[in-house]
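# Model the structure of this input:
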Amino acid sequence: MIARPPLDQPDDSFDPQDTDDEAALVLETQAEGEVSPGTLARMIAADGTVLYVGKAKSIKKRVLSYTRLVGHTNRIARMIAATVSMEFVSTRTESEALLLEANLVKQLKPRFNVLLRDDKSFPYILITADHPAPQILKHRGARSRPGHYYGPFASVWAVDRTINALQRAFLLRSCSDSYYENRTRPCLLFQIKRCSGPCTGEVSHADYAELVREARAFLTGRSRAVKEELAREMEAASEALEFERAGRLRDRLAALSAVQGSQGINPRSVEEADVFACYQQGGATCIEVFFFRTGQNWGNRAYYPRADKSLDEREVLGAFIAQFYEDKPCPRLILLSHEVEEQALIAEALSEKTGSKVEIATPRRGEKLDLVSHALQNAREALGRKLAETATQAKLLEGVQEAFALKGPPQRIEVYDNSHIMGTNAVGGMI
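Residues are numbered from 1 along each chain as shown. The predicted model follows:
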């Protein structure tokens with residue numbers, strides 16, 4: 001009998017022909033009996049580690065295909081050889097199984113699944129609804145506070161920049177409720193024309209509510225209507241010789257133009273969409289995601305998912321999308337650089353999760369193709385920088401190896417420091 005390879009064995013050190021009879025027998029035994037299409041399988045190693053989580057229209061056919069001793073890719077052969085048992089979970093629909101798969105992959109981090117490495121939540125803009133004078137602020141995490149959320153934004157910097165511009169355009173307060181309640185005179189933000197001063201009655205409740213309405217309209221895509229309305233008010237104020245008010249309206253219009261101008265590509269035909277582009281090089285993968293909301297570019301972020309080298313762009317991208325939206329709101333349109341397997345099923349699952357129709361498309365022409373091409377270029381450049389950075393780190397570690405005559409480059413470096421006060425209160429630390 002051929003021994004199973006260790007789980008940390010490199011991809012190129014295992015021959016698919018080495019899948020042993022015992023592994024095939026285990027899988028064949030587990031495949032007995034019919035299971036429903038909405039079924040999820042977990043492949044378990046001898047130590048109880050979950051190796052793989054996956055769904056299929058027919059688990060029986062999928063598992064029986066694993067009992068073949070030849071014809072598998074290197075990745076599948078190693079997975080079969082390491083599997084000693086399987087567990088099944090039935091769901092009501094295939095789309096429900098897909099969502100459960102994404103949840104379990106993020107939770108269990110199986111070795112043979114594509115894994116989204118994402119430890120950061122996205123920032124949003126929040127206009128509160130639990131105070132007579134709503135506040136505009138940056139928000140991250142659970143949406144527990146009543147209000148209107150706008151996003152996601154790719155970075156905190158993008159949110160801060162947008163909020164600063166919106167404050168100049170709509171003069172909404174950003175202070176906390178306790179600070180607001182204890183003001184007896186306007187703060188500095190009022191003096192520099194970034195707040196209308198509702199805390200001390202510098203603006204009426206009705207006028208402040210109108211500012212909030214305009215800000216919400218702008219953030220929900222009605223920017224042209226808001227700008228046209230401000231332009232009309234500015235002209236009317238000028239004709240009435242109210243030059244100070246006309247100047248304030250002019251400054252607000254300039255601030256709105258600054259918001260739109262600083263966001264780069266602002267597509268005419270795409271109101272709400274996420275754009276995904278996948279690029280592979282040197283066994284590594286980069287997925288670049290652009291966020292478009294209300295017809296405006298709200299930034300982009302690069303991801304480097306953990307994936308077996310044998311998986312192509314289509315396979316990595318398909319697994320990535322389901323995990324990406326496991327804990328994030330989904331837009332009405334998702335644009336991809338590559339068509340993925342079960343694209344229609346992923347769209348159906350996301351539609352069920354969102355409660356509204358979600359379309360997934362791979363554009364071939366027009367402005368949408370330009371957006372995808374731009375994202376793909378960013379993915380290519382981001383991966384190039386990542387590989388160069390990795391190569392530089394490897395070279396530095398080789399230098400450490402040579403300087404200290406080590407057998408190999410160090411995989412872990414610990415730095416210790418001790419301090420004391422006149423020989424007492426000694427404290428040590430390790431980084």
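
# C-alpha only now, for contacts and for neighbours.
Will do.

# Where does the prediction get shaky in the protein?
Within the chain, the ranges that satisfy pLDDT under 70 run 1-39, 56-60, 62-63, 69, 92, 116-120, 221, 223, 257-266.

# Tell me which helix or strand residue 230 sits in.
Secondary structure from DSSP states H and E places residue 230 in helix 223-239.

# Can I get that helix in PDB? Just the C-alpha atoms.
Below are the C-alpha coordinates for helix 223-239, written out as PDB (Å, rounded to 0.1, in the frame of the first residue of the first chain):
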ATOM      1  CA  SER A 223     -26.200  64.500  -8.400                       C
ATOM      2  CA  ARG A 224     -27.100  66.200 -11.700                       C
ATOM      3  CA  ALA A 225     -30.500  67.300 -10.300                       C
ATOM      4  CA  VAL A 226     -28.900  68.500  -7.100                       C
ATOM      5  CA  LYS A 227     -26.300  70.600  -9.000                       C
ATOM      6  CA  GLU A 228     -29.000  72.000 -11.300                       C
ATOM      7  CA  GLU A 229     -31.100  73.000  -8.300                       C
ATOM      8  CA  LEU A 230     -28.200  74.700  -6.600                       C
ATOM      9  CA  ALA A 231     -27.300  76.600  -9.900                       C
ATOM     10  CA  ARG A 232     -30.900  77.900 -10.100                       C
ATOM     11  CA  GLU A 233     -30.800  79.100  -6.500                       C
ATOM     12  CA  MET A 234     -27.400  80.800  -7.100                       C
ATOM     13  CA  GLU A 235     -28.800  82.600 -10.200                       C
ATOM     14  CA  ALA A 236     -31.900  83.700  -8.200                       C
ATOM     15  CA  ALA A 237     -29.800  85.000  -5.300                       C
ATOM     16  CA  SER A 238     -27.600  86.900  -7.700                       C
ATOM     17  CA  GLU A 239     -30.500  88.500  -9.400                       C
END
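
# Relative to the whole chain's centre, how far out is that helix?
37 Å (CA atoms, centre = their mean, to the nearest Å).

# and what of stretch 229-247?
43 Å.

# Show me what secondary structure element comes after the helix holding residue 230.
Using DSSP H and E, the helix or strand that directly follows helix 223-239 along the chain is helix 243-261.

# Residue 230: how many residues sit nearby?
18 (other CA atoms under 10 Å).

# before we move on, the earlier item: let me see the residues that make contact with the helix holding residue 230.
If you take CA atoms under 8 Å, 6 or more residues apart in numbering as the criterion, helix 223-239 is touched by 214, 217, 218, 243, 245, 246, 247, 249, 250, 253, 256.

# Kindly report the same for stretch 268-275.
Under CA under 8 Å, 6+ apart, the answer for stretch 268-275 is 221, 288-296, 331-336, 367-368, 371-372, 375.

# Of those residues, keep whichever come out buried.
221, 288-296, 331-336, 368, 371-372, 375 (16 or more other CA atoms under 10 Å).

# need the strands for the stretch 251-400 of the chain, in chain order.
With strands called from DSSP state E, counting those that start in this stretch, the stretch 251-400 of the chain shows them at 273-281, 284-293, 296-303, 333-336, 359-361.

# in its sheet, what does the third one sit against?
In this case it means strand 296-303. Here strand 296-303 has these sheet partners by DSSP bridges: strand 284-293 (antiparallel).

# Then the last one?
Next to strand 359-361 in the sheet, as set by DSSP bridges, lie strand 333-336 (parallel).

# Run the chain-centre distance for the strand it pairs with.
Computed by CA atoms, centre = their mean, the chain-centroid distance of strand 333-336 equals 14 Å.

# For that strand, give me every contacting residue.
272-277, 358-363, 368, 372.

# what does the domain assignment say about the chain?
Annotated domains of the chain cover 11-108, 124-261, 268-431 [automatic domain parsing].

# Counting by contacts, list what the lengthiest helix in the chain packs against.
In the chain, assigned by DSSP state H, the helix with the most residues is helix 366-403. Packing partners of helix 366-403 (3 or more CA pairs under 8 Å, 6 or more residues apart in numbering; DSSP states H and E): strand 273-281, strand 284-293, strand 333-336.

# can you put those in TSV and add distance to residue 86?
Below are the helices and strands packed on helix 366-403 laid out as TSV (distance: least, CA to CA, whole Å):
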stretch	distance to residue 86
strand 273-281	32
strand 284-293	29
strand 333-336	33
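
# Near the closest residue to residue 211 other than its chain neighbours, how many residues? Count them for me, please.
Nearest residue to residue 211 in three dimensions, chain neighbours excluded: residue 170, at 5.6 Å (CA to CA, 6 or more residues apart in numbering). By other CA under 10 Å, 26 other residues sit near residue 170.

# Closest one of the contacts of strand 333-336 to residue 126?
Nearest to residue 126 out of the contacts of strand 333-336 is residue 272 (CA to CA; 18.1 Å).

# Distance of the closest one relative to residue 152?
Relative to residue 152, residue 272 is positioned 11 Å away (criterion: CA to CA, to the nearest Å).
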